[in-house]
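>>> Take a look and give me a structure for this.
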Amino acid sequence: MKQRELSRCLLTFFLFSFVLFCFSACRMRAEQNSLTSQFDEIDSLVMNNQMQSALKELKKLEKRAYDSWIYLGIYKRYATLGESERAEKILKKALKKNGNNPELLAVYATFLMRGNRLAEAGKVAEKLRGTNYASVYSEYVLRDCVQNSTSENAFDFYIQKEFYQIFLDAYKTSKNPVWLRNCAAFNLMNGDYSLAASLYPKAFLDADDAFFWALVSYDAGQFVKSIEAIETSKNLMKDYHNFVSLKTTSVQQVALESDAYMAVSEMELAEKIRREIVLNLDEVKVRKEDEGLFSNILLNSAIWAGNQGMDDQNADLLFYVVTHWPDNVPGLILYADFAYRSNLERQEDSEVAALRKAGISSLEMERYDNRRKIPLSDALYRIDSSLQRTNNPYLNIAKLDLKYKTDSLISEKDKNRDLWNMLEDDYNRDGEYKSLLIQYALNFLLRTKQYDDAWELFYNYVTSISDYSPKIDFWDQFVDKARGYELSIVEFGAWFAAHQKLAPEALRLHEYCVYESAGLLEEGYLAQTASTSACMNLGEIYVSLGKKAKALDLYGKAAGRESRKNLRSEIFYRIACIYAADGDIKNALRSAEYAASLYPENARASILKDKLKF
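Purely as a prediction, here's the structure:
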C-alpha cells in the first residue's frame, strides 16, 4: 500500500516537472519571438530615420538581454546608429557574463582594431587562436607588424616561421587565396615542395590564382596536376577582357604547360601546346619580361622540328630567334649547328653518281639538292657580332667548335695541341669559360679515345675546384660532393667510374644524375636535366647487374622524352635485346621493328629484326 502511494507521488512529481519544463520552454520561445519583433521594430525605426526612437528602444532592450546573440544584435544596432561608446559598453557587459565566447571576442577585437586600439585588440584576439575566428588574431598580428616593421626589412620580417599559421588562419576564414599562396610560397622557400602542393585549393579565384598553383605543382613534381591548373587558367583568361590587370600571360602558360608535358615524356603534346604560339607569331603580344620564355618556346619547337626532319620549320624558327634577339646564345649555337649540317654533302653510291652524270635526278635527289641551307658565313658573322657585344663564354666555345668542324686543314693532332695550349693558358682563370673549355676538351678527348689524358684532365679539374683529402678514396669524396658540381661534371664522373669498372660508384653517380639531380626524389621520376646518354648508360648498368625490369622502365621513360630518332631507335634496340635475352620473342621483335622503322640506318636493329623473324 505504501509502495503504491510512493509511486503515485513520484508520478505526480514527474508530471509537474514536465509541465514546468514545457511552460519554461514556451515562455523562452515567446520571449525570443518578442525580442525578434523588437529588433524588427528598431530596424524599421532606423529605416524611417527615427534614430532617437530607435535608440530609446535599444536602451529598453538592453535590460532584457540574456545571451550572446542578443547582445550582438544590440551591439550591431548601436554601431549602425554611430553610438560607439554604447556599442563597446554592451560588448564588455556581455563578455563579463561569458568571457570565453568566441563570437563576442571576435566582434570586440575587430571593434578595437577598427578604432586603431591595437594593444587592447591584441589581448582580446589572443584568445581566438586555434578557434574558427583565428583569422581575427591574424589580422591583429599583421596590422601590428605593419606599424612596427619598415619597408627595408618587410620581406625578411614576414617570412618568419610564426607567420605561417597566421596566413593559414587568415585563409580559413576569409577564403582569400592570397593568404594560401603566402603559405605555399613559405613552404617553397624552405624546400617543402610537397607540403606546398598539398595546399592546392578546390577552386581558383582567377587565371593568376590557377597559374600560381600550376607553378607550385610543377615544382613539386606533380606535372599532371600542373597541366590541369594551366588549362583552368587558360579557360578563366578567355572570359577576362582586361588582360592588362592580369599578371599571367599566354606565353607563360604555354612555356610551363609544354615543359610539364615534356616532364611526363609527352613530347608530341608538348609541341602541340607550343604551336599555340608558333603558328601565330604575328598575333602574339609579348611583354618585355616574357621575351626569354618566348624565345625558349620557339627554340624548343625548332629542336623538335629538326629531330623530325622538318628542316624548313627548323630554319624558319631559328632565323626568327637570331633576328629578333641577336645575342640569344642558345639560338646562335643552334643556328650555327643547322648551318654546318645543312652544308654537309652526303656520300652518294655509284648508282646515284651515275644518274647525276647522265643528268638524271630522282625525286629524292631533287629533295636533297633543294634542301634548306643556311650559309656558314652568316652563322659565323652573327656569332662574331654577338661576341663583340657580350664576350659570352658559350659563344667562344661554339666558335671554336665550328672552326674545328669546318676547317679541313686542321688535323686531329693540331686540334689536340690547340686545346692543350688553350687549357694551359686558361687553367688558372676562374669562371664559366674555364668550366666550358674543360667540358669541351673532355668531350673531344673521349671522342678521340684519349682516355688517359681525359681522366687526368678531369681529375685535376675536380680536385682544383674543391678540397680533396689524399687520405680518403677519391671516389668516396666525389660521390659525397656530387651535389655541389654542375650536372655535366657529375655525368663525366659517372662515365669514368664505369670505365674504371667501379660498379657501386658508377651506379650511384648515374642514379644521382638520372633521378635525383633535379631535387625531386619521387620514385622513378627522371630529372629533366639528365642527358639521354646518362639514362642509356644507367640502363646498361642495370642490365649488367641483372636488374632488367628497372632497365626496361628507364629505357621506356627515356625513349618517351627523346625526340631524336636515332637515339630513340637505339633505345628501342636495347629494349629488344633485353626481351630477346629473356626469350620473349614477340616483344623483342616488336621493339626491333620499331627501332628499325624509326631510324633505318640503325643496322644493329635491322639485323636483330631479321634474326628474330627466323
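
>>> need the helices for the stretch 101-250 of the chain, in chain order.
Secondary structure of the stretch 101-250 of the chain (DSSP state H, counting those that start in this stretch): helices located at 102-114, 118-125, 134-148, 154-158, 163-174, 177-189, 193-197, 207-219, 223-238, 250-263.

>>> For those helices, give me a markdown table that also has mean neighbour count and distance to Gly82.
Yep, even glycine has a C-beta here, placed from its N, CA and C like the rest. A markdown table is the format used below for the helices of the stretch 101-250 of the chain (neighbours: other C-beta atoms under 10 Å; distance: least, C-beta to C-beta, whole Å):
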| stretch | mean neighbour count | distance to Gly82 |
| --- | --- | --- |
| helix 102-114 | 20 | 13 |
| helix 118-125 | 18 | 20 |
| helix 134-148 | 18 | 23 |
| helix 154-158 | 12 | 35 |
| helix 163-174 | 19 | 27 |
| helix 177-189 | 19 | 32 |
| helix 193-197 | 19 | 46 |
| helix 207-219 | 23 | 38 |
| helix 223-238 | 19 | 42 |
| helix 250-263 | 23 | 49 |
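
>>> Ok, which of those helices comes nearest Tyr451?
Nearest of the helices of the stretch 101-250 of the chain to Tyr451, taken as C-beta to C-beta: helix 250-263 at 33.7 Å.

>>> which secondary structure elements does the closest one contact?
Packed against helix 250-263 by the contact rule (3 or more C-beta pairs under 8 Å, 6 or more residues apart in numbering; DSSP states H and E) you find helix 207-219, helix 223-238, helix 267-278, helix 291-307.

>>> ok so, going back, just send the helices of the stretch 101-250 of the chain back as TSV, with distance to Ala558 and mean pLDDT too.
Shown next, in TSV, are those (distance: least, C-beta to C-beta, whole Å; pLDDT from 0 to 100):
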stretch	distance to Ala558	mean pLDDT
helix 102-114	57	82
helix 118-125	56	80
helix 134-148	48	71
helix 154-158	41	52
helix 163-174	39	73
helix 177-189	29	84
helix 193-197	24	88
helix 207-219	21	93
helix 223-238	17	92
helix 250-263	13	93
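
>>> Which among those is found nearest to Glu593?
Of all the helices of the stretch 101-250 of the chain, helix 250-263 sits nearest to Glu593, with 26.5 Å by C-beta to C-beta.

>>> how far is the closest one from where the chain is centred?
Taking C-alpha atoms, centre = their mean, to the nearest Å, one finds helix 250-263 lying 10 Å from the centre of the chain it belongs to.

>>> what inclination does it have with respect to helix 267-278?
170 degrees (axes from the mean of the first three to the mean of the last three C-alpha atoms, to 10 degrees).

>>> what residues are up against Gly484?
Gly484 makes contacts with Ser466, as judged by C-beta atoms under 8 Å, 6 or more residues apart in numbering.

>>> how close does it sit to Glu85?
As judged by C-beta to C-beta, to the nearest Å, Gly484 and Glu85 stand 66 Å apart.

>>> can you check Tyr108 too?
Counting by C-beta to C-beta - Tyr108 and Glu85 are separated by 14 Å.

>>> Only alpha carbons, please: show stretch 299-313 as PDB.
Output of stretch 299-313 as PDB, limited to C-alpha atoms (Å, rounded to 0.1, in the frame of the first residue of the first chain):
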ATOM      1  CA  LEU A 299      63.800  27.200 -79.800                       C
ATOM      2  CA  ASN A 300      62.200  24.000 -78.300                       C
ATOM      3  CA  SER A 301      59.900  23.900 -81.300                       C
ATOM      4  CA  ALA A 302      62.800  24.300 -83.700                       C
ATOM      5  CA  ILE A 303      64.600  21.400 -82.000                       C
ATOM      6  CA  TRP A 304      61.500  19.300 -82.300                       C
ATOM      7  CA  ALA A 305      61.200  20.100 -86.000                       C
ATOM      8  CA  GLY A 306      64.800  19.300 -86.600                       C
ATOM      9  CA  ASN A 307      64.500  16.000 -84.900                       C
ATOM     10  CA  GLN A 308      61.500  15.100 -87.100                       C
ATOM     11  CA  GLY A 309      63.400  16.100 -90.200                       C
ATOM     12  CA  MET A 310      61.300  19.200 -90.700                       C
ATOM     13  CA  ASP A 311      64.200  21.400 -91.900                       C
ATOM     14  CA  ASP A 312      62.100  24.300 -93.300                       C
ATOM     15  CA  GLN A 313      60.300  24.900 -90.000                       C
END
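
>>> Find the helix or strand that the nearest residue to Tyr340 once chain neighbours are set aside is a member of.
Nearest residue to Tyr340 in three dimensions, chain neighbours excluded: Lys405, at 5.8 Å (C-beta to C-beta, 6 or more residues apart in numbering). Taking DSSP states H and E as the criterion, Lys405 maps to helix 393-406.

>>> name the helices or strands packed onto that helix?
Packing partners of helix 393-406 (3+ C-beta pairs under 8 Å, 6+ apart): helix 329-342, helix 376-390, helix 432-447.

>>> So which bits of it are buried?
393, 395-402, 404, 406 (16 or more other C-beta atoms under 10 Å).

>>> which SS class is Ile410?
What DSSP: H, G, I helix; E, B strand; the rest coil gives for Ile410 is coil.

>>> Any figure for the gap between the residue nearest to Ala214 when sequence neighbours are not counted and Phe223?
In this structure, Ala214 finds its nearest non-sequential neighbour in Ala229, 3.7 Å apart by C-beta to C-beta, 6+ apart. Separation of Ala229 from Phe223 (C-beta to C-beta) stands at 11 Å.

>>> what do those two both touch?
By C-beta under 8 Å, 6+ apart, the residues touching both Ala229 and Phe223 are Ser217.

>>> Give me the pLDDT for the residue nearest to Tyr340.
At Lys405, the pLDDT value in this model is 87.

>>> swap in Val284?
Here the pLDDT value assigned to Val284 is 85.

>>> right, and it touches Ser250 too?
Yes. If you go by C-beta atoms under 8 Å, Val284 and Ser250 touch, sitting 7.1 Å apart.

>>> Find residues that contact each of the two.
The contact sets of Val284 and Ser250 overlap at Ile277 (C-beta under 8 Å, 6+ apart).

>>> What is the burial count for Ile585?
12 (other C-beta atoms under 10 Å).

>>> Same check on the one 5 residues further on?
A total of 17 residues lie near Arg590 under the criterion other C-beta under 10 Å.

>>> Can you show me the CA trace of the one helix or strand it maps to as CSV?
Using DSSP H and E, Arg590 falls within helix 585-598. In CSV, the C-alpha atoms belonging to helix 585-598 read as follows (Å, rounded to 0.1, in the frame of the first residue of the first chain):
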residue,chain,number,x,y,z
ILE,A,585,60.4,-13.1,-78.9
LYS,A,586,57.1,-11.4,-79.5
ASN,A,587,58.0,-8.2,-77.6
ALA,A,588,61.6,-8.4,-78.8
LEU,A,589,60.5,-8.4,-82.5
ARG,A,590,58.0,-5.6,-81.9
SER,A,591,60.7,-3.4,-80.4
ALA,A,592,63.3,-4.3,-83.0
GLU,A,593,60.9,-3.5,-85.8
TYR,A,594,60.0,-0.2,-84.3
ALA,A,595,63.7,0.7,-83.8
ALA,A,596,64.4,-0.1,-87.4
SER,A,597,61.4,1.9,-88.6
LEU,A,598,62.4,5.0,-86.6
